[in-house]
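>>> For reference, the sequence and a predicted model appear below.
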Amino acid sequence: MQSTSSLAKQISKALITASNQSNPPRTWTPLLEQTLHSLHVRSSLNSQLVSRVIDPFLITHHSLALGFFNWAQQQPGFTHSSLSYHSIFKSLALSRQYIALDKLMKEVKTNRVELSGDVYRHVIASHLAGRRVLNAFWVFCDVGELVCDVGDDVCNSLLASLSAFGHVGYGYQVFDEMLAKDVRVSTLGFGVFLWRWCGSVELDKVLSLVDEVNRRDWGVNGSVVALLVVHGLCSANRVDDAMYMLDVLRKRGWKPDFMAYRVVAEALRGIGNVVDVERVLKMKRKLGVAPRSSDYKDFIIQLVSERLISEAKDLGEVIVNGDFPIEDDVLNALIGSVSTNDPFSALKFFKFLVAKERFPTLLTLSNLSRNLCKHGNHGELLEVFKILSAKEYFIDIERYSIMVSFLCKAGKVKEAYEVLQEMKRKGLGPDLSCYNNVMEACCREDMTRPAKRLWDEMFANGCEADLKTYNILITKFSEIGHVKEAHTLFCHMLERGIEPDEPIYVVLLKGLCQNNELETALEVFKKCFERDAEIAQTILGKFIHYLCKEGQFIAASNLVLDYTSTIGNSESSMILLELLVDAGEVPVAIEHVKKVGEISPRMLHELHAEFLSSLSSSSKQRPMLEFIQVIESLQRNL
């Protein structure tokens, strides 16, 4: 008898192999049920086997995993257990299939299936990763006595996310449950929760939670939390309370550092309370401690990894505005993540970094540039590159390529071209990607003459064009009607042994048809067929459309007939016939049908079947009936 492990491997392999034939691949279809039946595994079906098939073999193929799970449920005498539910929840959580997750969770509650804490951990973490914070909370509410099994990290992530997203009341419920079940509270969870909660409650409530966490000695960083508390109070315009908390927290061993005192001092300065500003600064010098950059590094990196970007930005600004120590990798993380939604704050971090004679990583520069482009901050993008150029940051092709690429994305073609000349002066290329980017930007901005100059310059510098280069220029020349130049480039790439791809053939054929270059278009298609029949078959329908749109009905008919015995099929004839009917060219269509009958009786039979099936739904039944009658007459004479 086959072991569960080997049988699971056999089933999963058969499902994956069969699903590769589906469109799209790895999706569940009725064909896969037939595959399962052919394996004769129903007699061996049990919850353990289902679990082993899904995990590990189908764990990353959620469609197959769910399809197999549902198929098993439909088999006589089979019932899922917590074991099989565990595997399917893990697969769906990993791939963030939230509709299926929600449906299964309701099913579990209805059937009173007991799940492990590990299942809840996967599902809650998945919801948090997808920014479905409230959904994660509702799942947490069902955890019950299994909170400890969910894990400290997930519980603290949930606590922090609920608080950051404005659901502080729900956050308090999570915190309360963590205390009740003795789940360790971290600096991240407790810190963000207090930060967003303290501004709307009495101080004694805040202090009672501080005392409770302090008593349990969970290793929460008191200085970091102290900063967050006074920052939260100052943000809520409770500056006097923040000043009071500096002393109270210090006495509890959660010693505020210099940053906490500065936050309070600046808030007092903002309301014009100069006397208390001096008082707080004296307290800072006497009682404060120097902030440890490593503590804030860990905390900010955690915030970024949890995608609590607003909190990371706020804390980063406290550090930068006070000119406190901050490590380069933290600033890089802030620049890259904050620029997604707040490019101007990201620029502040960028300028702070460069002012210290330190520089962003290539990844950070790419992220910042991409987001500045996305938000339309093209002036700021130029400023970034100007600042870096002044600091002699651009010393190799890789760095220059980033600048060229994003200048082109921003439509700054002149500036990008000037960078190419600078690279040449420094003996740093440019390389092919730089030329392609600038050439593409020129074409996008309808600057065809500069694009042609770049082409000449590129070859003069010994830089050979690739498929992308030809694609850029052939597409542009075809679109603007310069089809002879487009065709010359097409021939040039063939001479150099570069195979055109489908987009090149399509755009060139379209341009040639629009400019009545029929003979050249047919020649291009012939070359396509000779070099790659698969591409030719794919684009044949589009070529027929282009010909008919320009009134070249006879040419279109001849094209289909010429390739009927090779790549043509009834589908291409149907496309042509429908276009002819729409254009009122019924005689041409009937003549085409007759010629098809002479070449391929089998295809005539296929056309007859297709006309019959579409007759009832067609808005032009009369020509359809004529075709049917012509075909039936031809068939009788065969």
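Thanks, I have it. Numbers count the residues shown, from 1 in each chain.

>>> pLDDT weak spots in the stretch 1-150 of the chain?
Within the stretch 1-150 of the chain, the stretches with pLDDT under 70 are 1-2.

>>> cool, the chain as well?
Scanning the chain for pLDDT under 70 picks out 1-2, 614-621, 623, 635, 637-638.

>>> mind listing the strands for it?
Applying DSSP state E to the chain gives no strands.

>>> Disregarding residues adjacent in the polypeptide, which is nearest to the spatially most central residue of it?
By CA atoms, centre = their mean, the chain has its centre lying nearest to Gly130, at 12.1 Å. Nearest-residue entry for Gly130: Arg96, 5.1 Å, with adjacent residues in sequence omitted and distances by CB to CB, 6 or more residues apart in numbering. C-beta coordinates here come from the backbone N, C-alpha and C atoms, glycine included.

>>> Same check on Phe543?
In this structure, Phe543 finds its nearest non-sequential neighbour in Leu509, 5.3 Å apart by CB to CB, 6+ apart.

>>> Let me see the contact set for the one you found.
Leu509 is in contact with Ala521, Val524, Phe525, Ile539, Lys542, Phe543, Tyr546, counting by CB atoms under 8 Å, 6 or more residues apart in numbering.

>>> Now intersect the residues you listed with the helices, please.
If you go by DSSP state H, the contacts of Leu509 have Ala521, Val524, Phe525, Ile539, Lys542, Phe543, Tyr546 in helices.

>>> I figured Leu522 hits Ala555, correct?
Yes - using CB atoms under 8 Å, Leu522 is in contact with Ala555, at 7.5 Å.

>>> list residues touching both of the two?
Counting by CB under 8 Å, 6+ apart, Leu522 and Ala555 have no contacts in common.

>>> and the gap between Asp323 and Ser337?
Distance from Asp323 to Ser337, counting by CB to CB, to the nearest Å: 22 Å.

>>> Which one of the two is surrounded by more residues?
Per other CB atoms under 10 Å, whichever of Asp323 and Ser337 has more neighbours is Ser337, with 24 against 11.

>>> got the residue ranges for the helices in the stretch 301-450 of the chain?
Per DSSP state H, counting those that start in this stretch, the stretch 301-450 of the chain carries helices over the ranges 309-321, 328-338, 343-355, 362-374, 378-390, 397-409, 413-425, 432-444, 448-460.

>>> any idea of the angle the third one forms with helix 309-321?
Note on geometry: by axes from the mean of the first three to the mean of the last three CA atoms, to 10 degrees, helix 343-355 and helix 309-321 are set 40 degrees apart in direction.

>>> any idea how far His40 is from Leu7?
Distance check for His40 against Leu7: by CB to CB, it reads 11 Å.

>>> Looking at the two, which one has more neighbours?
Neighbours were tallied for His40 and for Leu7 using other CB under 10 Å; the higher tally belongs to Leu7 (18 against 8).

>>> Just to check, that one is in contact with Ser43?
No - using CB under 8 Å, Leu7 is not in contact with Ser43; the gap is 11.0 Å.

>>> By neighbour count, which of the ones in helices among the contacts of Leu509 wins?
Compared across the ones in helices among the contacts of Leu509, Ala521 has the highest neighbour count, 27 neighbours, by other CB under 10 Å.

>>> So Ile54 sits against Phe89, correct?
No - look at Ile54 against Phe89 with CB under 8 Å: they stay out of range, at 9.8 Å.

>>> To what extent is Leu540 buried, counted in neighbours?
Leu540 has 23 neighbours, counted by other CB under 10 Å.

>>> To clarify, my last question referred to Val133.
Neighbour tally, Val133, other CB under 10 Å: 21.

>>> Can you name the residues that contact it?
By CB under 8 Å, 6+ apart, the contact set of Val133 is His127, Leu158, Ser161, Leu162, Phe165, His167.

>>> same question, Val438
Val404, Cys408, Val413, Ala416, Tyr417, Leu420, Leu454.

>>> Kindly report the same for Ser51.
The contact partners of Ser51, taken as CB under 8 Å, 6+ apart, are Leu83, Ser84, His86, Ser87.

>>> got it, and His487?
Leu508, Leu512, Glu517, Thr520, Val524.

>>> Distance to Phe69 for those - can I get that in TSV?
Shown next, in TSV, are the contacts of His487 (distance: CB to CB, whole Å):
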residue	distance to Phe69
Leu508	49
Leu512	53
Glu517	57
Thr520	57
Val524	51
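
>>> Tell me which of the helices of the stretch 301-450 of the chain lies nearest to Met624.
The closest of those to Met624 is helix 432-444. By CB to CB, the value is 44.4 Å.

>>> how far is that closest one from where the chain is centred?
Put simply, helix 432-444 sits 25 Å off its chain's centre (CA atoms, centre = their mean, to the nearest Å).

>>> ok so, going back, so which of the contacts of Val133 is the most crowded?
Top of these by neighbour count (other CB under 10 Å): Leu162, with 28 neighbours.

>>> Look up how far Asn156 lies from it.
Leu162 is 11 Å from Asn156, by CB to CB.

>>> which residues are common contacts for those two?
With the criterion set as CB under 8 Å, 6+ apart, the contacts of Leu162 and Asn156 do not overlap.

>>> check contacts around Asn46.
Shown in contact with Asn46 (CB under 8 Å, 6+ apart): Phe78.

>>> Got the phi and psi for it?
Dihedral angles of Asn46 (phi, psi; degrees, to the nearest 10) stand at phi -150, psi 170.

>>> again, but for Pro500
Dihedral pair for Pro500: phi -60, psi 150, per degrees, to the nearest 10.
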